[in-house]
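1. Coordinates only, no sequence provided:
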C-alpha cells in the first residue's frame, strides 16, 4: 500500500477489502503478505516528510482516471484526500494490456519487431532498437556502419519527437491552455514527415530490424534533415520563451514533486527523471552501444529533482539530440544497411539482455532462445512502468492539482506501461 | 586547408569546415572526453591520417575504456567488415558461436567491461562475486555476454542482493521470470548508477520449484524499485514474493484465473466476456 499510517481506519479497511476480493488469496497461507517491508522502504518514506495526523472523518477517496485527459491514457490513480492534500495514491494500470510478451513467444523474431512498435508509440524506433540489439547479442550479428548511423539518426529523431509531446502535454497539465502543445505538435509533424522518408510510415515503422535497418534513406532525406536541424534550435528557444520563464509555469513546477537522488536510486528510476535528480546516468554513456561513443555531446543533469527540472532536462536533451544528429549527418558513410542473415532466423540456444536509452529511460529486452524460430521468452523492461513505482511515494503530501503535474512530468505512455 | 586545433576551434570556424573535417573534430573531441587531457597533444598533429589512433592508445586503461576501444576501429581505417565495433557486434562475435551459455571462461568484450587488447584466457572473478561465492554455499559464477552471472539458492537470494547492494550495485534494472517447464527461474539484472567506478553488470538468478505457487524473498527491502516488476512476476508466473508490500495483480483484471506466462497456460474461454455474451444471445 502506498500509505504507511496505520491509524487510518479507512485505508486499513480498503486494504482488507482488497485482500478479501483478491482471487488467489485462498492459495496463500494467511499472514504471508506482510505490510510494507522494513529497512529501506521505511526510511525513504520518512525522508519525504511526515504527514501529521490524518483526520479520518474527512478523508475522501477519489478516482483520477481511467478516462481522464490528465492521466495520459487509461491510467487510474486511487487517491485518498484530506481536503486537497493527497494522503495516499495507488496506481491502477492494465487497461491497455495486450499481452505483448505472450504474443512475442508465439511469433517469429522478425514478427516480434512489430509488437515493439505498439509499446511506446511515441518513440517506436527506440523500442525496435532495443529488441534488435538483444537479437544481435544473441546471435552475434554484426551491423554495417551505415545502418548504425541510420539507427542513431532515426533514434534521436524519435527522442526529439517523444520529448516534444512530453513538453507540450506537460504544459497542458500545468494549465497553459494548449499553446505550447500546438507549437510542439507543429515540430512533431516535421519530425514525423522526416521519419516517413526512410521508414515509409509516420507511426509504427518497425524500422530497425536485427542486422541493420529495414531500408535505406532516400537521397532527399539528408537535405531535409539538415533543414530541420537549422530550424529546430530556434523552435526550442520558442518553447523556452513560452514556458521556461513563465511565472505561472515556474510557480506550478519549481519545488513540486521533488525526488531526492537516494529515492530515485532506490526506485530504479532512469531517464530524464533520474537525470533531473542529479543522477548522471545515461545508458548511452554507461554501456555505449551503436556509434554513440564517436559523437561529441553532453548528458544534461540537473539537481533539484522537481517537475521544472524534469521539463528542463527534456528541453536540454532535445538540444543535445540536435548536436548528435548534426554530427551523424556529417559523418554518415556509404555502404550496406543490412547484415547478411538467413531468411528464417534461428538463434543459437542462449539468452541475452540488451538495454538502450529510450526517451523515457532505460528500455531493455530480455530474450531467451531455445534454437527454434520463436523466442522462448520475450520480456520487456518498460521504462515508464518502472518509473511509475515511485509515483505513489512522491505524490503523497502534495495538493491534488500538483499530483496531476507530477504525473505529467513523469511522461508515461500507457501503451508501454501496460504492454 | 588551414591547420586547426580540433579542441579549441570556435563554432563559426567549425561551421565553415567541410563535413568530413567536421567529423574529425567531433571525433577528436569525443576522444578527449574519454581520456581527459591526453589527446590534446596528439590530435592536431595526427589530423590528416588518424586523429583518434593516438589518444585511443594512450587512453586505453582510463576511465572509459570502451569508447577508447571503439575509437580505434574507425581511426585505423579498417575495412567495413571490421568497422562496426559497436558493443553489440563486438560482444556477439565472441559470445555467439559457443551458444554463450557454455562459455563461462570467455572474456566477452562486453560493452560494460574493460576491453583488453590481448585476451587473457581466464578473466578474473570480480571481488564482489568472490565475496558472495564465499558467503553463500552452492552458488555459482560465470560470465555471460560480459555480465557477471551469479546463481544462488533461493533461500539466500535476499542475502546475495544485500551483499550486492552494499558493494555498490544500487540499480536493479530488471526482474524476469522464466518457466523452464520443470522449474521456474528468476533473473535479476543489477547495475550501478556510478558506472564510472563500477561498469560491470550483474545477473543474479535463482531457481524455484514449479509446483503450486513457489515462494521466494522479495527484494523490495533492498531494492524498492522491484515492487511493480515483482507484482508482474507474481501475476504472470505465480511466484509469491515474501515481504512484498503490496502483492496483488497489476496488469490483468482482479478476477483473472491462472498464470498466463506459464508455458502450459490455457485460455479459459468462459472468461472472455464477448464469447459469454454471444452464447447467452443464442
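-> Happy to help now that I have it. Since the structure is predicted, the reported quantities are computational estimates derived from the model, not experimental observations.
2. Apart from its chain neighbours, what residue comes closest to the residue in the stretch 101-250 of chain B that chain A sits nearest to?
-> Of all residues in the stretch 101-250 of chain B, residue B:225 sits closest to chain A, at 2.8 Å by CB to the nearest CB. Glycine gets a C-beta too; all of them are placed from N, C-alpha and C. The shortest distance from residue B:225 to any residue other than its chain neighbours is 2.8 Å, reached at residue A:268 (CB to CB, 6 or more residues apart in numbering or on different chains).
3. wait, isn't the one you found in contact with residue A:388?
-> No. Under the criterion of CB atoms under 8 Å, residue A:268 lies out of contact with residue A:388, with a separation of 10.9 Å.
4. how deep is the residue in the stretch 101-250 of chain A positioned nearest to chain B tucked in, by neighbour count?
-> Nearest residue of the stretch 101-250 of chain A to chain B (CB to the nearest CB) works out as residue A:140 at 2.4 Å. Per other CB atoms under 10 Å in any protein chain shown, the neighbour tally for residue A:140 reads 21.
5. now do residue A:261
-> When neighbours are defined as other CB under 10 Å, residue A:261 has 16 of them.
6. contacting residues for the residue of the stretch 101-250 of chain B closest to chain A?
-> Shown in contact with residue B:225 (CB atoms under 8 Å, 6 or more residues apart in numbering or on different chains): A:266-269, A:386, A:389-390, B:172.
7. Neighbour count, pLDDT and secondary structure added to those residues, as TSV?
-> Compiled in TSV, the contacts of residue B:225 are given as follows (neighbours: other CB atoms under 10 Å in any protein chain shown; pLDDT from 0 to 100; DSSP: H, G, I helix; E, B strand; the rest coil):
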residue	neighbour count	pLDDT	secondary structure
A:266	25	85	helix
A:267	28	88	coil
A:268	31	89	coil
A:269	32	91	coil
A:386	29	91	helix
A:389	21	88	helix
A:390	23	86	helix
B:172	28	90	strand
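8. circling back: need the per-residue pLDDT for the residue of the stretch 101-250 of chain A closest to chain B.
-> Turning to residue A:140, the model gives it a pLDDT of 85.
9. Now residue B:12: which helix or strand?
-> Following DSSP states H and E, one finds residue B:12 within helix B:11-16.
10. Quick check: mean pLDDT of the next helix-or-strand element following that helix?
-> Using DSSP H and E, the next helix or strand after helix B:11-16 towards the C-terminus is helix B:19-35. Mean pLDDT, helix B:19-35: 75.
11. Please enumerate the strands of chain B.
-> With DSSP state E, the ranges of strands along chain B come out as B:140-144, B:147-151, B:171-179, B:183-191, B:202-209, B:215-217, B:240-242.
12. Comparing these, which comes out most buried?
-> The highest mean neighbour count among the strands of chain B belongs to strand B:171-179 (a mean of 24), with neighbours defined as mean count of other CB atoms under 10 Å in any protein chain shown.
13. Quick check: can you name the pairing partners of that one and their directions?
-> Sheet pairing for strand B:171-179, assigned by DSSP bridges, gives strand B:183-191 (antiparallel).
14. so who does the residue nearest to residue B:225 touch?
-> Shown here is residue A:268, whose contacts under the criterion CB under 8 Å, 6+ apart are A:386, A:389, B:171-173, B:223, B:225-226.
15. now do 6 Å
-> Contacts of residue A:268 were listed using CB atoms under 6 Å, 6 or more residues apart in numbering or on different chains, and they are A:386, B:172, B:225.
16. And these, which is closest to residue A:348?
-> Proximity of these to residue A:348 was ranked by CB to CB; the top entry is residue B:172 with 28.3 Å.
17. Excluding sequence neighbours, find me the nearest residue to the closest one.
-> Nearest residue to residue B:172, sequence neighbours excluded (CB to CB, 6+ apart): residue B:223, at 3.8 Å.
18. Is it correct that the one you found is in contact with residue B:174?
-> No. With contact defined as CB atoms under 6 Å, residue B:223 and residue B:174 do not form a contacting pair (11.0 Å).
19. So what's the residue count around the residue nearest to residue B:175 when sequence neighbours are not counted?
-> Distances taken as CB to CB, 6+ apart place residue B:229 nearest to residue B:175, at 3.9 Å, with adjacent residues excluded. In terms of burial, residue B:229 registers 26 neighbours under the definition other CB under 10 Å.
20. And for residue A:215?
-> 14.
21. what ranges of chain A fall below the confidence cut-off?
-> Across chain A, residues meeting the criterion (pLDDT under 70) sit at A:1-58.
22. so can I have a markdown table of the strands of chain B showing distance to residue B:125?
-> What follows is those, written out as a markdown table (distance: least, CB to CB, whole Å):
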| stretch | distance to residue B:125 |
| --- | --- |
| strand B:140-144 | 6 |
| strand B:147-151 | 8 |
| strand B:171-179 | 22 |
| strand B:183-191 | 17 |
| strand B:202-209 | 12 |
| strand B:215-217 | 25 |
| strand B:240-242 | 29 |
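23. Could you tell me the least trusted of the ones you listed?
-> Among the strands of chain B, strand B:140-144 scores lowest, with a mean of 82.
24. for that strand, packing partners?
-> Helices and strands touching strand B:140-144, by 3 or more CB pairs under 6 Å, 6 or more residues apart in numbering or on different chains; DSSP states H and E, are strand B:147-151.
25. helices or strands next to the strand it packs on in the packing?
-> Packed against strand B:147-151 by the contact rule (3+ CB pairs under 6 Å, 6+ apart) you find strand B:140-144, strand B:202-209.
26. need the contact list for residue A:330.
-> B:19, B:22-23.
27. out of those, which are buried?
-> The neighbour-count criterion (16 or more other CB atoms under 10 Å in any protein chain shown) marks B:22-23 among the contacts of residue A:330 as buried.
28. among the contacts of residue A:330, which are in reach of chain A?
-> Intersecting the contacts of residue A:330 with the surroundings of chain A, defined as CB under 6 Å from any CB of the partner chain, gives B:19, B:22-23.
29. from the residues you listed, which is closest to residue A:381?
-> Within those, distances to residue A:381 taken as CB to CB reach their minimum at residue B:23, with 33.4 Å.
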